[in-house]
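Q: Please work out how this folds:
(chains A and B)
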Amino acid sequence: MKIYDATIKKLVSHSLILICSMLFGCTTKVIVNGYFPAPVVNPLPLKVAVVYHPDFSNYSYIEKDEERQEKEIYMGKAQVELFSTVLEGMFEQVVYFDAVTPTNDNSIDMFFYPMIDEFQYNMPVETKINMFEVWIKYHLKVFDAQGNVIADWIQTAYGKTPTAMFKTREKALNEAMIVALRDVGAGIILRFNHIPEIKHWLKQRAQVSAFKKTNQKNQFVAAVPQTN
Amino acid sequence: MKHVLPIKQYLMLLVLLSINACTTVTIDQVKVTESELRLGESVVVIGRRTGSDYETEPELISCVGRNLAKGEQGINVIPESEFVDRLYPWFEARTAPNHIKDLHRLLRYDKVKQIFDEYNVHYIIWIDGNTEKTRSSGSISCSISAVGISCFGFGTWDSQAQYEASIWDYQTKLQIGKISSIAEGTSYVPAIVIPIPLIATVQTDACKAMALQLQTFFKRPNT
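A: Take a look at the predicted model:
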């Protein structure tokens, strides 16, 4: 009889745990966390000041639709990590500023200011394909040392991950987010030099520094007394 | 009093759970030129992630890699994630070379070439495909009572795993062959009190068959 009672109690408690996890497992929170490798690129000889606005570094997506299951997605920390890793690989020197503060000395060549414009996700139950999908739209701006806008462009990112047995929704969504963040990093690296305004600015900068070098050389030659 | 019956039931359950449903695997191979893998050389197995409605599963890629490295004929395989991370951003879904001529272009970067040489890569194996459920029928209903959970019904579904591997020779910069692996199977879940899954492991079987074929694809000097 004792064994029977114990078995009943065990089954009831297990069933209750199962029901509770089914009920409370619906509203979820995802804190994006992953590894971002350093890019294999030749760094540009620039000193860049990166400005992360608090809206960017603390970015979280809060779902307003009651029917959707993922309610809160925190991605601020992960995107700061990604941008820092990518930019430190892309430029010879990277420093971090709180705001775009124009300078007249040559301590900074460029300010890099990323903002997030839009975020969307799709769950397999919504699309009927066995895939978790994420889209992110970034608004990127670069300024010169005096605070004038050099370029201003949209960089989109896409990430997806397939469903798998024993993989939770949170884990799958986190993986899709990491793929999307790596994608935006790849996009910035490959596109940066090809954005017409930046290309033009880099070309002008190279011409100015070449002119300065020649000028310095000429001054040096002029300073040497001529010998007869 | 000894409780002999539950142990017997558990053993029966264990036996039933270890039974898999049948799978049929078809392998096709096209070999353009001879392929030789010398001592110390490695291969890298990477999944194609360009499909819009599917993605080559990372589990499949690691399964092929694991099986290729197994046994006396084991090949030195570089793990996909390690290779892709080392070469970031050149092997991401959107940036990975789709054709051998794209790899040519990529190798103009000294840093990329240096990493390839460091790993002593001879062959790159690109795997494209996925596993999907093609048909399903039946139903199982479960109820919770004071005694516990009990289920009744019957469910069945067909699965198909379809993968194609393209083999690139890093040294000659040529595509040297293709191997396709298609596995099909039907899974059954009869449920009388407890559900007994008889799963057709199509993905695992497609992976093992492909790895076995890839092992024979590369000639080793000692064989």
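Q: Who are the contact partners of B:D205?
A: By Cβ atoms under 8 Å, 6 or more residues apart in numbering or on different chains, the contact set of B:D205 is B:23, B:25, B:161, B:183, B:185. Backbone N, C-alpha and C define where each C-beta goes, glycine included.
Q: Same list, those, but only the ones touching chain A.
A: Among the contacts of B:D205, no residue sits close to chain A (Cβ under 8 Å from any Cβ of the partner chain).
Q: can you tell me which of those are in strands?
A: B:23, B:25, B:161, B:183, B:185 (DSSP state E).
Q: my guess is the second one contacts B:A209, does it?
A: What that stands for is B:V25. Yes - using Cβ atoms under 8 Å, B:V25 is in contact with B:A209, at 4.5 Å.
Q: coming back round to it: which one of the ones in strands among the contacts of B:D205 sits closest to B:G71?
A: Minimum separation from B:G71 among those (Cβ to Cβ) is found for B:V25, which lies at 18.7 Å.
Q: Identify the bridge partners of the closest one.
A: Note on B:V25: beta-bridge partners by DSSP bridges are B:A183.
Q: got a list of what it touches?
A: B:V25 neighbours (Cβ under 8 Å, 6+ apart): B:181-183, B:205-206, B:209.
Q: If we use 6 Å, what do you get?
A: B:V25 makes contact with B:183, B:205, B:209, according to Cβ atoms under 6 Å, 6 or more residues apart in numbering or on different chains.
Q: Can you pull the residues of chain B lying near chain A?
A: Residues of chain B lying close to chain A by Cβ under 6 Å from any Cβ of the partner chain are B:53, B:55, B:57, B:85, B:87-89, B:92, B:95, B:111, B:144, B:148.
Q: Can you select the buried ones from those in ChimeraX?
A: Selection of buried members from those for ChimeraX, criterion 16 or more other Cβ atoms under 10 Å in any protein chain shown:
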select /B:55,57,87,88,89,92,95,148
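Q: Any chance of JSON lines for the residues of chain B next to chain A, columns secondary structure?
A: Formatted as JSON lines, the residues of chain B next to chain A follow (DSSP: H, G, I helix; E, B strand; the rest coil):
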{"residue": "B:D53", "secondary structure": "coil"}
{"residue": "B:E55", "secondary structure": "coil"}
{"residue": "B:E57", "secondary structure": "coil"}
{"residue": "B:D85", "secondary structure": "helix"}
{"residue": "B:L87", "secondary structure": "coil"}
{"residue": "B:Y88", "secondary structure": "coil"}
{"residue": "B:P89", "secondary structure": "coil"}
{"residue": "B:E92", "secondary structure": "coil"}
{"residue": "B:T95", "secondary structure": "coil"}
{"residue": "B:K111", "secondary structure": "helix"}
{"residue": "B:I144", "secondary structure": "strand"}
{"residue": "B:G148", "secondary structure": "coil"}
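Q: Against B:I61, how distant is the closest residue to chain A within chain B?
A: Residue nearest to chain A within chain B: B:P89 (3.4 Å; Cβ to the nearest Cβ). According to Cβ to Cβ, to the nearest Å, B:P89 stands 19 Å off from B:I61.
Q: Ok, B:E80 next?
A: B:E80 is 5 Å from B:I61, by Cβ to Cβ.
Q: Then B:A69?
A: Note on B:A69: its distance to B:I61, by Cβ to Cβ, is 13 Å.
Q: Could you export stretch A:62-70 as CSV, CA atoms only?
A: What follows is stretch A:62-70, C-alpha atoms only, in CSV (Å, rounded to 0.1, in the frame of the first residue of the first chain):
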residue,chain,number,x,y,z
ILE,A,62,9.9,43.7,-26.9
GLU,A,63,7.1,41.9,-28.7
LYS,A,64,3.7,43.7,-28.5
ASP,A,65,1.7,41.0,-30.3
GLU,A,66,0.1,38.9,-27.6
GLU,A,67,-0.1,35.8,-29.8
ARG,A,68,3.7,35.6,-30.4
GLN,A,69,5.7,33.5,-28.0
GLU,A,70,9.1,35.2,-27.8
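Q: Now do that stretch, average pLDDT.
A: For stretch A:62-70, mean pLDDT is 79.
Q: cool, and stretch A:167-183?
A: Stretch A:167-183 carries an average pLDDT of 92.
Q: Next, the buried residues of it.
A: For stretch A:167-183, the neighbour count (16+ other Cβ under 10 Å) marks A:169, A:172-183 as buried.
Q: got it, and stretch B:94-114?
A: Buried, per 16+ other Cβ under 10 Å, within stretch B:94-114: B:95-97, B:100, B:103, B:106, B:112.
Q: Make a markdown table from the residues you listed and add secondary structure, pLDDT and distance to A:I31 to it.
A: Output for these, formatted as a markdown table (DSSP: H, G, I helix; E, B strand; the rest coil; pLDDT from 0 to 100; distance: Cβ to Cβ, whole Å):
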| residue | secondary structure | pLDDT | distance to A:I31 |
| --- | --- | --- | --- |
| B:T95 | coil | 93 | 27 |
| B:A96 | coil | 94 | 29 |
| B:P97 | coil | 94 | 34 |
| B:I100 | helix | 91 | 41 |
| B:L103 | helix | 92 | 37 |
| B:L106 | helix | 92 | 35 |
| B:V112 | helix | 95 | 33 |
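Q: now for those, which pair is the farthest apart?
A: B:T95 and B:I100 (15.8 Å).
Q: And B:E132, how far from A:A176?
A: Taking Cβ to Cβ, one finds B:E132 at 19 Å from A:A176.
Q: got it, and A:P37?
A: 18 Å.
Q: just to revisit the earlier point, more neighbours, B:A69 and B:I61?
A: B:I61 (21 against 16; other Cβ atoms under 10 Å in any protein chain shown).
Q: The more buried one: which element?
A: Counting by DSSP states H and E, the element that carries B:I61 is helix B:58-69.
Q: Would you mark the buried spots in that helix?
A: B:58-65, B:67-69.
Q: Please name every helix or strand in contact with it.
A: Applying 3 or more Cβ pairs under 6 Å, 6 or more residues apart in numbering or on different chains; DSSP states H and E, one finds that helix B:58-69 contacts strand B:42-47, strand B:76-78, helix B:202-217.
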